[in-house]
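Engineer: quick one: sequence plus predicted model below, questions after.
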Amino acid sequence: MTVLAVDEGALWVAARLGLAADASGVSLDCPGPPTPLSPSNNQTGVTSATQFSWSAYPEAVYALLLGGLTVYAASTTVTLPDLSSIDFQLSPSTPYTWQVAATSPYASVDDFAAPTTAATQAVTLLCQAQTLTQNFTTSATP
């Protein structure tokens, strides 16, 4: 059973695995999405050294979604890595959007990326939540 809910732009997905076809009284108890903390919405002067942060989500791995870039983390803070070798840099004085998607239960990014499925990991409740879109503008020298 999978449930998708959207509330004012935030997204929740809950999946209960291993249910019998006639299951009833099923609980899908997933927390709401993390709260974006930094940079604040519509912040200006953001640089490549700016730390992105959000509130915690139980037993989660996070995906920072920034333009066309996704950075995975097990912590609630990320500073963008140097990605100049793949020609990704924040452009000066440019507006961007960012969001965070949290998926649980996973103990680490390695567990999340492992070539197995939730079903083979004996997970019975899989939760995912994505924050509202946040905006920021880079500094003249990001």
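Structural biologist: Arrived safely.
Engineer: so what's the backbone phi/psi at the residue with the largest distance to the centre of the chain?
Structural biologist: Relative to the C-alpha centroid of the chain, counting by CA atoms, centre = their mean, D22 is the outermost residue, at 32.9 Å. Main-chain dihedrals, D22, degrees, to the nearest 10: phi -100, psi 20.
Engineer: gap between it and S84?
Structural biologist: To S84, D22 is 56 Å away according to CB to CB, to the nearest Å. For glycine as for every other residue, the C-beta is placed from the backbone atoms N, C-alpha and C.
Engineer: ok, V13 next?
Structural biologist: Distance from V13 to S84, by CB to CB: 34 Å.
Engineer: more neighbours, these two?
Structural biologist: For V13 versus S84, the count of surrounding residues by other CB atoms under 10 Å is larger for V13: 18 against 9.
Engineer: helix/strand/coil for the more buried one?
Structural biologist: strand (DSSP: H, G, I helix; E, B strand; the rest coil).
Engineer: isn't it up against S104?
Structural biologist: No. Between V13 and S104 there is no contact under CB atoms under 8 Å: 11.2 Å.
Engineer: so for the two, which residues contact both of them?
Structural biologist: When CB atoms under 8 Å, 6 or more residues apart in numbering defines a contact, the residues bordering V13 and S104 alike are 127-128.
Engineer: quick one: low-confidence parts of the chain?
Structural biologist: 1-9, 116-123 (pLDDT under 70).
Engineer: okay, strands next: where are they in it?
Structural biologist: 2-7, 10-16, 36-38, 43-46, 51-54, 61-66, 69-73, 77-79, 95-104, 125-130, 134-138 (DSSP state E).
Engineer: okay if I get those as CSV plus distance to F112?
Structural biologist: Putting the strands of the chain into CSV (distance: least, CB to CB, whole Å) gives the following:
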stretch, distance to F112
strand 2-7, 18
strand 10-16, 15
strand 36-38, 20
strand 43-46, 27
strand 51-54, 17
strand 61-66, 4
strand 69-73, 7
strand 77-79, 15
strand 95-104, 7
strand 125-130, 11
strand 134-138, 23
